[in-house]
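1. The following block contains a protein sequence and its predicted model.
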Amino acid sequence: MVKSTDELSTSHSTSSGLRTTKEKPKPAETYGEVVKRWPKITFCIIGNEFCERFSFYGMRTVLTLYLLNVLNFKKDDATTFYSFFTALCYFSPILGSLIADGFIGKFKTIVSVSILYTCGQILLAYSSTNNDKWSLHPYIDFLGLFIIAIGTGGIKPCVSPFGGDQFEKYELKMISLFFSYFTSQSTLAL
């Protein structure tokens, strides 16, 4: 007997997150069933996005105050620097996507720039706590902010497509729910 196209073997996720070839599973009926069938890595992807956005928006919220009150920038200079930093954060995804698509792939890009991003946040935090004792203080701040901007540019274009790649094309309900959770976690980080 010949199987129909819907009955042919397809690849799907197992509880370990690995892909295996099996029959196409029965579609999940409830959102709870949908989430239980998600590859485990998708929870890490959503968690990574939440942590990155939470730390980014938290830092960016106080950046102008930090520039004015700690680094003693003039108001116009603080506004200019803040705008430059924000522009760099939103233009650097072009570089991140080129690296991911042309050289090392989404996963390696996400891992490497997440580490880089964390180093930038650590540099910024360390420099801000040692500002009276250290002559390199403002330069380390700027280096940390530059690293954060490059890091966020590598994460932003890769994380959501990488999350979508974890599902098969026929798993439309799972994909839809994943992107709903992904977007809500990004918004919750605000």
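-> Right, received. Where do you want to start?

2. from memory residue 177 sits against residue 31, does it?
-> Yes - in terms of Cβ atoms under 8 Å, residue 177 counts as a neighbour of residue 31; the distance is 6.2 Å. From N, CA and C alone the C-beta is placed, and that goes for glycine too.

3. Tell me how many other residues crowd residue 61.
-> When neighbours are counted by other Cβ atoms under 10 Å, residue 61 registers 10.

4. Compare residue 177 and residue 31 (neighbour count), which wins?
-> Counted by other Cβ under 10 Å, residue 177 and residue 31 do not tie: residue 177 has more neighbours, with 18 against 13.

5. Assumed that one was part of a helix.
-> Yes - assessed with DSSP: H, G, I helix; E, B strand; the rest coil, residue 177 lies in a helix.

6. Quick check: the gap between it and residue 128.
-> Computed as Cβ to Cβ, to the nearest Å, the residue 177 to residue 128 distance reads 39 Å.

7. Break down this protein into its strands, ranges please.
-> 10-13, 19-22 (DSSP state E).

8. weakest of the ones you listed by average pLDDT?
-> Lowest mean pLDDT of these: strand 10-13, a mean of 48.

9. Sort out which residues of stretch 73-83 are buried, please.
-> Buried residues in stretch 73-83, counted by 16 or more other Cβ atoms under 10 Å: 73, 78, 81-82.

10. With stretch 89-107 instead?
-> For stretch 89-107, by 16+ other Cβ under 10 Å, it's 89, 92-93, 96-97, 99-100, 106.

11. Reformat those residues into CSV and put pLDDT next to each item.
-> Listed next are these as CSV, based on pLDDT from 0 to 100:
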residue, pLDDT
89, 95
92, 95
93, 96
96, 94
97, 94
99, 94
100, 94
106, 94
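
12. Let's have those in a markdown table, adding distance to residue 48.
-> Below are these laid out as a markdown table (distance: Cβ to Cβ, whole Å):
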| residue | distance to residue 48 |
| --- | --- |
| 89 | 17 |
| 92 | 17 |
| 93 | 16 |
| 96 | 14 |
| 97 | 17 |
| 99 | 17 |
| 100 | 15 |
| 106 | 12 |
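
13. any idea which helix or strand of this protein has the worst average confidence?
-> In the chain, no helix or strand scores lower on mean pLDDT, DSSP states H and E than strand 10-13, which sits at a mean of 48.

14. What is the neighbour count of residue 121?
-> 19.

15. Quick check: pLDDT value at it.
-> In this prediction, residue 121 carries a pLDDT score of 94.

16. Quick check: it vs residue 60, distance?
-> Separation of residue 121 from residue 60 (Cβ to Cβ): 12 Å.

17. now residue 166
-> 29 Å.

18. Please enumerate the helices of this protein.
-> For the chain, helices defined by DSSP state H occupy the ranges 31-36, 41-69, 75-99, 105-129, 137-164, 172-188.
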